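Asks: Structure of the sequence below:
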Amino acid sequence: MTLVAKHQAVKIRSAKVTDADRIAKLSGQLGYPTAKTRMKKRLGVVLRDKSAACFVAETKEERLIGWVHASVIPLLEVEPRAEVNGLIVDEQVRSRGAGGMLLKAAEKWARKMKCKGMSVRSNVIRRRAHGFYLRHGYEHYKTQKAFRKAL
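Replies: Next up is the predicted model:
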(Lines give C-alpha, C1' and ligand atoms only; values in the text may rest on other atoms or scores of the structure.)
Protein backbone atom coordinates (compact mmCIF):
# COMPACT_ATOMS: atom_id res chain seq x y z
CA MET A 1 0.00 0.00 0.00
CA THR A 2 1.55 3.31 -1.06
CA LEU A 3 0.23 6.86 -0.82
CA VAL A 4 1.85 10.15 -1.62
CA ALA A 5 1.21 12.15 1.51
CA LYS A 6 2.11 15.83 1.22
CA HIS A 7 5.06 15.36 -1.15
CA GLN A 8 6.32 12.25 0.60
CA ALA A 9 5.62 8.68 -0.55
CA VAL A 10 4.66 6.42 2.33
CA LYS A 11 4.57 2.64 2.20
CA ILE A 12 2.88 0.34 4.73
CA ARG A 13 4.43 -3.05 5.39
CA SER A 14 4.55 -5.69 8.08
CA ALA A 15 7.03 -4.95 10.84
CA LYS A 16 10.31 -6.86 11.10
CA VAL A 17 12.49 -7.49 14.15
CA THR A 18 15.08 -5.17 12.58
CA ASP A 19 12.56 -2.31 13.05
CA ALA A 20 12.81 -2.61 16.85
CA ASP A 21 15.11 0.38 17.37
CA ARG A 22 12.89 2.84 15.52
CA ILE A 23 9.70 1.33 16.99
CA ALA A 24 11.23 1.83 20.46
CA LYS A 25 12.04 5.47 19.70
CA LEU A 26 8.49 6.12 18.47
CA SER A 27 7.11 4.37 21.56
CA GLY A 28 8.85 7.08 23.58
CA GLN A 29 6.82 9.71 21.69
CA LEU A 30 3.71 7.74 22.61
CA GLY A 31 4.71 8.01 26.27
CA TYR A 32 6.19 4.52 26.65
CA PRO A 33 9.99 4.84 26.50
CA THR A 34 11.55 1.45 25.85
CA ALA A 35 15.12 0.26 25.31
CA LYS A 36 15.91 -1.24 21.90
CA THR A 37 16.77 -4.64 23.40
CA ARG A 38 13.52 -4.84 25.32
CA MET A 39 11.52 -3.75 22.26
CA LYS A 40 13.27 -6.36 20.15
CA LYS A 41 12.05 -9.08 22.55
CA ARG A 42 8.50 -7.68 22.69
CA LEU A 43 8.32 -7.26 18.94
CA GLY A 44 9.52 -10.83 18.43
CA VAL A 45 6.67 -12.09 20.61
CA VAL A 46 4.11 -10.00 18.71
CA LEU A 47 5.42 -11.10 15.32
CA ARG A 48 5.12 -14.77 16.29
CA ASP A 49 1.58 -14.31 17.67
CA LYS A 50 -0.96 -15.42 15.05
CA SER A 51 -3.66 -13.31 16.73
CA ALA A 52 -1.63 -10.08 16.48
CA ALA A 53 -0.19 -7.87 13.75
CA CYS A 54 2.23 -4.97 13.58
CA PHE A 55 2.54 -2.72 10.56
CA VAL A 56 4.95 0.13 9.95
CA ALA A 57 4.85 3.21 7.75
CA GLU A 58 8.05 4.15 6.02
CA THR A 59 9.09 6.82 3.58
CA LYS A 60 10.69 6.30 0.20
CA GLU A 61 14.06 6.72 1.90
CA GLU A 62 13.07 3.73 4.11
CA ARG A 63 12.75 5.90 7.19
CA LEU A 64 10.25 4.33 9.57
CA ILE A 65 7.79 7.06 10.60
CA GLY A 66 5.03 5.15 12.38
CA TRP A 67 3.62 1.86 13.56
CA VAL A 68 0.37 0.21 14.56
CA HIS A 69 -0.08 -2.90 16.69
CA ALA A 70 -3.43 -4.72 16.64
CA SER A 71 -4.65 -7.98 18.12
CA VAL A 72 -7.76 -10.12 18.11
CA ILE A 73 -9.65 -10.24 21.36
CA PRO A 74 -11.85 -13.31 21.78
CA LEU A 75 -14.77 -12.27 23.97
CA LEU A 76 -17.82 -14.11 25.20
CA GLU A 77 -20.16 -11.14 25.22
CA VAL A 78 -19.70 -9.92 21.62
CA GLU A 79 -18.64 -11.14 18.18
CA PRO A 80 -14.89 -11.38 17.52
CA ARG A 81 -13.21 -8.01 17.29
CA ALA A 82 -9.73 -6.63 16.98
CA GLU A 83 -8.23 -3.86 19.03
CA VAL A 84 -5.68 -1.23 18.15
CA ASN A 85 -3.20 -1.68 20.97
CA GLY A 86 -0.97 1.17 19.85
CA LEU A 87 -0.59 3.58 16.95
CA ILE A 88 2.00 6.30 16.60
CA VAL A 89 3.30 8.53 13.82
CA ASP A 90 6.47 10.55 14.33
CA GLU A 91 5.54 13.98 15.67
CA GLN A 92 7.62 15.56 12.88
CA VAL A 93 5.34 14.19 10.14
CA ARG A 94 1.86 13.92 11.65
CA SER A 95 -1.30 14.93 9.80
CA ARG A 96 0.05 13.82 6.42
CA GLY A 97 -1.89 10.57 5.99
CA ALA A 98 0.42 7.92 7.44
CA GLY A 99 -1.75 7.34 10.53
CA GLY A 100 -4.83 6.72 8.41
CA MET A 101 -2.88 4.31 6.23
CA LEU A 102 -1.68 2.37 9.28
CA LEU A 103 -5.22 2.22 10.66
CA LYS A 104 -6.56 0.92 7.32
CA ALA A 105 -3.86 -1.78 7.25
CA ALA A 106 -4.88 -2.91 10.74
CA GLU A 107 -8.57 -2.93 9.76
CA LYS A 108 -7.84 -4.95 6.62
CA TRP A 109 -5.92 -7.48 8.72
CA ALA A 110 -8.81 -7.64 11.23
CA ARG A 111 -11.27 -8.43 8.44
CA LYS A 112 -9.02 -11.29 7.29
CA MET A 113 -9.08 -12.53 10.88
CA LYS A 114 -12.93 -12.66 10.64
CA CYS A 115 -13.41 -9.83 13.13
CA LYS A 116 -16.76 -8.05 13.12
CA GLY A 117 -15.40 -4.82 14.56
CA MET A 118 -12.38 -2.87 15.65
CA SER A 119 -11.92 -0.96 18.89
CA VAL A 120 -9.32 1.35 20.34
CA ARG A 121 -8.73 2.81 23.78
CA SER A 122 -7.28 6.28 23.97
CA ASN A 123 -6.20 8.16 27.08
CA VAL A 124 -8.52 11.05 27.96
CA ILE A 125 -5.64 13.52 27.55
CA ARG A 126 -5.09 12.57 23.86
CA ARG A 127 -7.70 14.89 22.36
CA ARG A 128 -5.96 15.05 18.99
CA ALA A 129 -6.03 11.24 18.77
CA HIS A 130 -9.74 11.25 19.62
CA GLY A 131 -10.43 13.50 16.65
CA PHE A 132 -8.30 11.24 14.44
CA TYR A 133 -10.35 8.15 15.33
CA LEU A 134 -13.66 10.01 14.92
CA ARG A 135 -12.56 11.17 11.44
CA HIS A 136 -11.83 7.55 10.55
CA GLY A 137 -15.31 6.30 11.40
CA TYR A 138 -14.87 5.26 15.02
CA GLU A 139 -17.47 6.33 17.55
CA HIS A 140 -17.02 7.11 21.21
CA TYR A 141 -19.20 4.53 22.90
CA LYS A 142 -18.04 4.42 26.52
CA THR A 143 -15.89 6.06 29.16
CA GLN A 144 -14.25 3.86 31.74
CA LYS A 145 -11.54 3.66 34.35
CA ALA A 146 -8.57 1.38 33.82
CA PHE A 147 -7.04 -0.62 36.65
CA ARG A 148 -3.69 -2.39 36.79
CA LYS A 149 -1.97 -4.76 39.17
CA ALA A 150 1.62 -5.96 39.01
CA LEU A 151 2.05 -9.73 39.10
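Asks: When you work out contacts or count neighbours from here on, use the C-alpha atoms and nothing else.
Replies: Noted.
Asks: helix or strand right after the helix or strand of the chain with the lowest mean pLDDT?
Replies: Here the helix or strand of the chain ranked lowest by mean pLDDT, DSSP states H and E is strand 2-5, holding a mean of 44. On the C-terminal side of strand 2-5, the nearest following helix or strand under DSSP states H and E is strand 8-14.
Asks: neighbouring strands for that next one, and are they parallel or not?
Replies: strand 2-5 (antiparallel), strand 52-59 (antiparallel) (DSSP bridges).
Asks: Tell me where the chain has helices.
Replies: 20-30, 36-48, 98-112, 127-135 (DSSP state H).
Asks: Next, the residues that contact the second one from outside, please.
Replies: Here helix 36-48 makes contact (C-alpha atoms under 8 Å, 6 or more residues apart in numbering) with 15, 16, 17, 18, 20, 21, 23, 24, 52, 53, 54.
Asks: Next up, the contacts around the third one.
Replies: It stands for residue 17. 40, 43, 44.
Asks: Equivalent analysis for the second one, please.
Replies: Listed by C-alpha under 8 Å, 6+ apart, the contact set of residue 16 reads residue 47.
Asks: Out of the contacts of residue 17, which is nearest to residue 119?
Replies: residue 43 (21.2 Å; C-alpha to C-alpha).
Asks: show me the contacts for the closest residue to residue 23 other than its chain neighbours.
Replies: Closest residue to residue 23 apart from its sequence neighbours, by C-alpha to C-alpha, 6 or more residues apart in numbering: residue 67 at 7.0 Å. Going by C-alpha under 8 Å, 6+ apart, residue 67 touches 23, 54, 55, 56, 57, 86, 87, 88, 89, 102.
Asks: Now for the contacts of helix 36-48: which two are most distant?
Replies: 21 and 52 (19.8 Å).
Asks: These two: who's more crowded?
Replies: residue 52 (22 against 17; other C-alpha atoms under 10 Å).
Asks: ok, now how distant is the more buried one from residue 92?
Replies: 27 Å (C-alpha to C-alpha, to the nearest Å).
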